[in-house]
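# kindly generate the corresponding structure for this input.
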Amino acid sequence: MGKLVLNSFVTLDGVYQAPGGPQEDTRDGFEQGGWVFPYADDDFGQFIDEVFQQVGAFLLGRRTYEIFAAYWPKVTDPDNLIASRLNSMPKYVASASLTDPEWSGTTVISDLAKEVTALKENTDGELQVHGSGALAQSLLNLGLVDTVHLLTFPVVLGAGRRLFTEGIVPTAFRHTGGRITSTGVSIQTYDLAGRPEYGSFDLPENA
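Next up, the predicted model:
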């Protein structure tokens, strides 16, 4: 059985919106897109290549899917690992309205709980989610995420959509690995560990 791996880029204040470019996602008047670019280095590229070497299929939200579909099919260099995997491997897009996806190898799904569970069971390798913030939140709330690669960039934006929002299901994770890139990006890997545990640092009462 494969596992669902969530790959998320966030700022120090938790923003995931438009990491790749100024026009990627301007919802709510967001004008600070492209905040990942200054921090891209060989360490970052190596990690991304490692991730894409493990993929068995992709699961994307509608917005991220459309961003990817407009770009990656045009990248035809066979030595580009990301492009070759995205263009050749199965892609599933979660959408209630998309009916005729043009990107080869795409299947539309709508029932996350049922269909994603089946995909995990039938995928040889990782079922990977990249970006797709709203989808990521839904998958976390459904308990369908097995592993999170959380890449935190050393920048605060003060605006934008945040990955972990008010009302998300309380979730505990177990840290399984990490590194820091030369530009200060913190790459940490966590496995889902159930619900949080709680305690207190209160001083014991005097006998």
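
# and stretch 76-94, end to end?
Taking CA to CA, to the nearest Å as the measure, stretch 76-94 stretches 26 Å from start to finish.

# wait, I meant stretch 117-126
Stretch 117-126 end-to-end distance (CA to CA) = 13 Å.

# average pLDDT for it?
The predicted model assigns stretch 117-126 a mean pLDDT of 93.

# hmm, who's touching it?
Applying CB atoms under 8 Å, 6 or more residues apart in numbering, the contact partners of stretch 117-126 are 1-5, 54-57, 59, 90, 92, 109, 127, 144, 146. The C-beta positions use only the backbone N, C-alpha and C, and glycine is treated the same way.

# among the residues you listed, who's most crowded?
L59 (30 neighbours; other CB atoms under 10 Å).

# quick check: it touching L135?
Yes - at 7.4 Å, L59 and L135 qualify as touching, with contact defined as CB atoms under 8 Å.

# contacts for stretch 165-178, please.
The contact list for stretch 165-178 (CB under 8 Å, 6+ apart) reads 137, 140-141, 143, 147-148, 186-197.

# let's go with 7 Å and repeat that
Here stretch 165-178 makes contact (CB atoms under 7 Å, 6 or more residues apart in numbering) with 137, 140-141, 148, 187-197.

# of those residues, just the buried ones, ChimeraX syntax please.
Command for ChimeraX, covering only those of the contacts of stretch 165-178 found buried under the criterion 16 or more other CB atoms under 10 Å:
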select :137,140,148,187,188,189,190,192
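
# in helices, which of the contacts of stretch 165-178 appear?
Residues from these lying in helices, with DSSP state H as the criterion: Q137, L140, N141.

# a markdown table for those, including distance to D49 and pLDDT?
Shown next, in a markdown table, are those (distance: CB to CB, whole Å; pLDDT from 0 to 100):
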| residue | distance to D49 | pLDDT |
| --- | --- | --- |
| Q137 | 27 | 96 |
| L140 | 26 | 95 |
| N141 | 30 | 95 |
